[in-house]
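Asks: predicted model, plus sequence, below.
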Amino acid sequence: MIQARRSHGTHLLIDLWGARHLEDADRIRETMINAALQAGAKLLHVHLHKFEPHGGVTGVALLAESHISIHTWPESSYAALDVFMCGSAEPERTIPIIKATFTPRQTIVLQAIRGTDGGGSSMIETASFAHCDGLRTGPTTAQARG
């Protein structure tokens, strides 16, 4: 797990560019379920809504440990996801599941450690799908300022 100090949870903000399957609500539902299970989270409920005419999907998977949310823009081949988890869940384990489904040209993941006294946000990954083998941890906000 990435959390280096006690916190109330880890929040990943994931941008997918050049992504596919962004209008497929069934595939998105399955991905959210599989991602939650892979992270060791307890799934409570999934709710999705498909918009017309472009077919974008917005939705949330409610977890005992928090949530996974998604908003897609098929006309731009772009999706934005939030993965927020606390306890023993490992939100970074959702990234390979998400990338395997949407096969994005570029993935940008920002990490925020929530509920700590001194903050603790950092960029953990900026990579194209073809060149990414794992997570790369960047400096924390405090380290970047120093």
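Replies: That came in fine, so what should we check first? Residues are numbered from 1 along each chain as shown.
Asks: poorly predicted segments of the chain, please.
Replies: Of all residues in the chain, those with pLDDT under 70 make up the ranges 1-5, 117-146.
Asks: residue contacts, residue 20?
Replies: Applying Cβ atoms under 8 Å, 6 or more residues apart in numbering, we find residue 20 in contact with 77, 102, 103, 104. To be clear about C-beta, it is placed using only N, CA and C from the backbone, and glycine gets the same treatment.
Asks: what separation do you get for it and residue 44?
Replies: 28 Å (Cβ to Cβ, to the nearest Å).
Asks: same question, residue 66
Replies: 10 Å.
Asks: between these two, which has more neighbouring residues?
Replies: Counted by other Cβ atoms under 10 Å, residue 66 and residue 44 do not tie: residue 66 has more neighbours, with 22 against 12.
Asks: which residues pair with that one across the strands?
Replies: Counting by DSSP bridges, residue 66 is bridged to residue 63, residue 85.
Asks: verify the stated contact: it with residue 86.
Replies: Yes: with contact defined as Cβ atoms under 8 Å, residue 66 reaches residue 86; the gap is 5.8 Å.
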